[in-house]
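Asks: Quick check, what structure comes out for this input:
(2 chains)
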Amino acid sequence: MSDLKRGLSEAVAAAFAAAGLPAELGRVTPSDRPDLADFQCNGALPASKAAKRNPREIAEEVACHLAGDPRLASVEIAGPGFINLRVSDAALSERAGEIAADPRLGAEPVAEPRRVLIDYGGPNVAKPMHVGHLRSSIIGESLKRIYRFRGDTVVGDAHFGDWGYQMGLLIGAVMDEDADIRAMMEDLNAKSDITPQDEAATFAVLDGKITLADLDRLYPLAAARGKTEPDYRDRARKLTAELQGRKPGYFLLWKHFAKVTKVALERDFHALGVDFDLWKGESDVDELIEPMVADLEAKGLLVDDQGARIVHVAGPNETKKKKLPDGTVVVVPSPDPLLVVSSEGSAMYGTTDLATILDRKNTFDPHHVLYAVDQRQADHFEIVFRAAYLAGYAERGSLEHVGFGTMNGTDGKPFKTREGGVLKLNDMIVMTRDKARERLHEADLGSELDPAAFEDTANKVAVAALKFADLQNFRGTSYVFDLDRFSSFEGKTGPYLLYQAVRVKSVLRKAAEAGAQAGPIIVSEPAERDLVLLLDAFDQALIDAYDKKAPNFIAEHAYKLAQAFSKFYAACPILSAEPAVKASRLTLAQTTLRQLEQALDLLGISAPERM
RNA sequence: GCGCCCAUAGCUCAACCGGAUAGAGCAUCCGCCUUCUAAGCGGACGGUUGCAGGUUCGAGUCCUGCUGGGCGCGCCA
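Replies: Prediction:
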């Protein structure tokens, strides 16, 4: 079973071949001119160049070979040599029936399923998630669902940033602020063995003293001091190295940081309908780092440089000019080398990333790893990937950075609240939910629902608004985050999609109450034709989204499908139609709903029963 | 200084190996609820695709240069 586009491509390819021309010219696409055709093939234009013949003449010849195809209502040549195809109502009816009977709603699985790992590029421990984290969560989640739906085995890993310099900064800041904790740390660090009782006692104290709000308050101050005060920075680096060396007190303090952070993260992710298969972090590969460094050394990749140890990843002819602080310009390798061990002996961001690649090879052994991380880290990933390939930790080309743009405010600059701070993700979710309730009341929707169901609907509307606003944009470009616009709920929005889904559900409920039976789909009206053509286009949207790692193709399809349904809904009465037509339209409505909900699910959005 | 990305309607965004008349939503204006949920549907208005060249039968799409904007450039992650 294949979609109309693919089926027709095969027929047109055969027609090109029959005319003595390359079969690959027979590629059929949806028509740019719906007034003239359903599908088109432009192959005669490039063919004319190679064959040195008039393109219209070629198109005519190809059209002759297509003449007997029962699926085609018409084949016409237009313009310089476009082959315009119109599909017969019978063929559309048949295809609609196939989709209706298909649990996968007309979407083909991949030929060879792969093991794919999606790295969400980690929120950092000790920092609450802010709007900037929205994108990696929802893009990563959507990609995971898209890949899974096409048949791959997919694992999503949160990959927390929990093992670097920021932990050293925080340990120092907390001890500076609280002398009791400092004393406790010194006491614990002096011990050679930590008992479970020590651990429990330590956590009992820390639980009452250090909250996420404290960490959130201390971290920016510490980070700022680290930038301007070399002594402060050096101490933080030393503390980082000591933490990584498992100094007992610091290690327990770090565990506490991780714990309070995770509670908040789980709440935020849960509210967004995002879940991870693995809650791993940088710290999980800590014990792999030492043997990995030894391995890199044994492979001759590791070299000393200014007290640090690095891996050169640039090829022999890859250089760039670089201006030194003193103004002289030198030629250096490009990309920059990977810094593996700092002069303090600490593992760096790239070190843990590299070790994580090795860890995944040893455990999940993925064919493909996608990093759903901000575009700004493109250079970093290029360096890490090259190092991984050089060291043999991953198959060349198997690692891919799926970068996305930043989320800006209406002023075009990175998003900030009115007070100039970062908007916490949780606050944003709460705001959007409030807005959803307000809008539901305004439109007098959901008034018959009980409070719990109403709350559930408001939450679904809020999540749909946020996610669709993000996912309708191509991930690579930055976009403007405008809460007022997103929560207006009109036009091309998540709530519009939910509204259409709910309308279908309502009709189907009424049909069931009246005992109406669904039956074979018989396409005749223009609105029915358009709806079936869209149902048929699902597979291509899925392929585009999969190949380009771009959920916006699914978002676009879902929107067009909802729109086509809304037109069908306005033009073609269902319940009042005569029995055969009613049966057909019920199946069509049912199938549309199923595909729409499937597409929404791939975006991480779910529709309520009523609103 | 070097490198990467971006520039499309008043605003926010699309556009399938280069193809016909560059599409949506918002905003503005007009029309449609005694019929299945009007958060809807129909229509109008809105464009020299940043600028200048080039390749091509054909360029928003490819190449070169320029202008404007964003981001990155080993001991943060």
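Asks: Quick check: the residue positioned nearest the centre of chain A vs RNA strand B, distance?
Replies: Centroid-nearest residue in chain A: residue A:139, 1.9 Å away (criterion: CA atoms, centre = their mean). Distance, residue A:139 to RNA strand B, by CB to the nearest atom of the strand, to the nearest Å: 12 Å. For every residue, glycine as well, the C-beta is placed using N, CA and C.
Asks: Then residue A:34?
Replies: From residue A:34 over to RNA strand B (counting by CB to the nearest atom of the strand), the distance is 9 Å.
Asks: name the element that residue belongs to?
Replies: For residue A:34, there is no host helix or strand (DSSP states H and E).
Asks: quick one on the thing from earlier: surely the residue nearest to the centre of chain A is in contact with residue A:403?
Replies: No - with contact defined as CB atoms under 8 Å, residue A:139 and residue A:403 do not form a contacting pair (9.9 Å).
Asks: Grab the nearest non-local neighbour of the closest residue to RNA strand B within the stretch 151-300 of chain A.
Replies: Residue nearest to RNA strand B within the stretch 151-300 of chain A: residue A:164 (1.9 Å; CB to the nearest atom of the strand). In space, and not counting its chain neighbours, residue A:164 is closest to residue A:349: 6.1 Å by CB to CB, 6 or more residues apart in numbering.
Asks: Which strand residues bridge residue A:74?
Replies: Beta-bridge pairing for residue A:74 (DSSP bridges): residue A:86.
Asks: one step back: which ones are touching the residue of the stretch 151-300 of chain A closest to RNA strand B?
Replies: For residue A:164, the contact set (CB atoms under 8 Å, 6 or more residues apart in numbering) comprises A:240, A:282, A:346, A:347, A:348, A:349, A:352.
Asks: my guess is residue A:143 meets residue A:369, correct?
Replies: No - look at residue A:143 against residue A:369 with CB under 8 Å: they stay out of range, at 11.8 Å.
Asks: so what sits against both of those two?
Replies: Shared contacts of residue A:143 and residue A:369, defined by CB under 8 Å, 6+ apart, are found at residue A:118.
Asks: what does the stretch 201-350 of chain A have sitting close to RNA strand B?
Replies: Within the stretch 201-350 of chain A, the residues that sit near RNA strand B (CB under 7 Å from any atom of the strand) are A:233, A:237, A:240, A:282, A:305-308, A:310, A:320-323, A:329, A:334, A:336-337, A:339, A:342-344, A:346, A:348-349.
Asks: ditto for the stretch 501-611 of chain A
Replies: By CB under 7 Å from any atom of the strand, the residues of the stretch 501-611 of chain A that approach RNA strand B are A:502-503, A:505-507, A:510, A:540, A:544, A:552, A:556, A:559, A:563, A:566-567, A:569-570, A:572-576, A:610-611.
Asks: Using ChimeraX, define a selection of the buried residues within the residues you listed.
Replies: Applied in ChimeraX, the following selects the buried portion of those according to 16 or more other CB atoms under 10 Å:
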select /A:502,503,505,507,540,552,556,559,563,566,569,572,574,611
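Asks: quick one: which of the residues of the stretch 501-611 of chain A next to RNA strand B sit in strands?
Replies: If you go by DSSP state E, those have nothing in strands.
Asks: Just the buried ones from the residues of the stretch 201-350 of chain A next to RNA strand B?
Replies: Buried among those by 16+ other CB under 10 Å: A:233, A:237, A:240, A:282, A:308, A:310, A:336-337, A:339, A:342, A:344, A:346, A:348-349.
Asks: Quick one: mean pLDDT for stretch A:554-568?
Replies: For stretch A:554-568, the mean pLDDT works out to 96.
Asks: The residue in the stretch 1-150 of chain A positioned nearest to RNA strand B: which element?
Replies: Of all residues in the stretch 1-150 of chain A, residue A:45 sits closest to RNA strand B, at 3.1 Å by CB to the nearest atom of the strand. Per DSSP H and E, residue A:45 falls inside helix A:44-51.
Asks: Name the next helix or strand downstream of that helix, please.
Replies: Note on helix A:44-51: by DSSP H and E, the next helix or strand toward the C-terminus is helix A:55-66.
Asks: What lies in contact with that next one?
Replies: Outside helix A:55-66, the residues within contact range by CB under 8 Å, 6+ apart are A:11-12, A:14-16, A:18-19, A:21, A:26, A:41, A:43-45, A:47-48, A:51, A:72, A:75-77, A:80-83, A:85.
Asks: What residue spans form the domains of chain A?
Replies: Annotated domains of chain A cover A:4-87, A:115-156+A:279-408, A:165-272, A:430-602 [automatic domain parsing].
Asks: show me what contacts residue A:127?
Replies: A:166, A:215, A:216, A:219, A:261.
Asks: Helix, strand or coil: sort out the first one for me.
Replies: The one in question is residue A:166. helix (DSSP: H, G, I helix; E, B strand; the rest coil).
Asks: How many residues are close by residue A:47?
Replies: Counted by other CB atoms under 10 Å, the residues lying close to residue A:47 total 22.
Asks: what's near enough to touch it?
Replies: Residue A:47 sits in contact with A:16, A:21, A:22, A:25, A:53, A:55, A:58, where contact means CB under 8 Å, 6+ apart.
Asks: Okay, the fifth one and residue A:45: tell me how far apart.
Replies: This means residue A:53. As judged by CB to CB, to the nearest Å, residue A:53 and residue A:45 stand 11 Å apart.
Asks: Pick out whichever of the two has more residues nearby.
Replies: residue A:45 (18 against 14).
Asks: Filter the contacts of residue A:127 down to the ones in helices?
Replies: A:166, A:215, A:216, A:219, A:261 (DSSP state H).
Asks: could those go into JSON lines alongside pLDDT?
Replies: As requested, the ones in helices among the contacts of residue A:127 are exported to JSON lines (pLDDT from 0 to 100):
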{"residue": "A:166", "pLDDT": "87"}
{"residue": "A:215", "pLDDT": "88"}
{"residue": "A:216", "pLDDT": "84"}
{"residue": "A:219", "pLDDT": "87"}
{"residue": "A:261", "pLDDT": "86"}
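Asks: Quick one: buried ones out of those residues?
Replies: Among the ones in helices among the contacts of residue A:127, those scoring as buried are A:166, A:215, A:216, A:219, A:261 (criterion: 16+ other CB under 10 Å).
Asks: Mind picking the one among these that's closest to residue A:250?
Replies: residue A:166 (13.5 Å; CB to CB).
Asks: my guess is that closest one meets residue A:215, correct?
Replies: No - contact between residue A:166 and residue A:215 fails when scored by CB under 8 Å: they sit 9.9 Å apart.
Asks: Now do the shared contacts for the two.
Replies: A:126, A:127.
Asks: Let me know whether my guess that residue A:116 is in a helix holds.
Replies: No - counting by three-state DSSP, residue A:116 falls outside a helix, being strand.
Asks: before we move on, back to that, could you identify the buried members of the contacts of helix A:55-66?
Replies: Of the contacts of helix A:55-66, these count as buried by 16+ other CB under 10 Å: A:11-12, A:14-16, A:19, A:21, A:26, A:41, A:43-45, A:47-48, A:51, A:72, A:75, A:77, A:81-83, A:85.
Asks: What helices and strands are in contact with the helix or strand of chain A with the lowest mean pLDDT?
Replies: Here the helix or strand of chain A ranked lowest by mean pLDDT, DSSP states H and E is strand A:319-323, holding a mean of 73. Applying 3 or more CB pairs under 8 Å, 6 or more residues apart in numbering; DSSP states H and E, we find strand A:319-323 packed against strand A:329-333.
Asks: Would you mind checking the average pLDDT for the strand it packs on?
Replies: Rounded mean pLDDT across strand A:329-333 is 77.
Asks: For it, buried residues please.
Replies: For strand A:329-333, using 16+ other CB under 10 Å, the buried residues are residue A:333.
Asks: Who are the packing partners of it?
Replies: Counting by 3+ CB pairs under 8 Å, 6+ apart, strand A:329-333 packs on strand A:319-323.
Asks: Within the sheet, what are the partner strands of the strand it packs on, with directions?
Replies: In the sheet, strand A:319-323 lines up against strand A:329-333 (antiparallel) (DSSP bridges).
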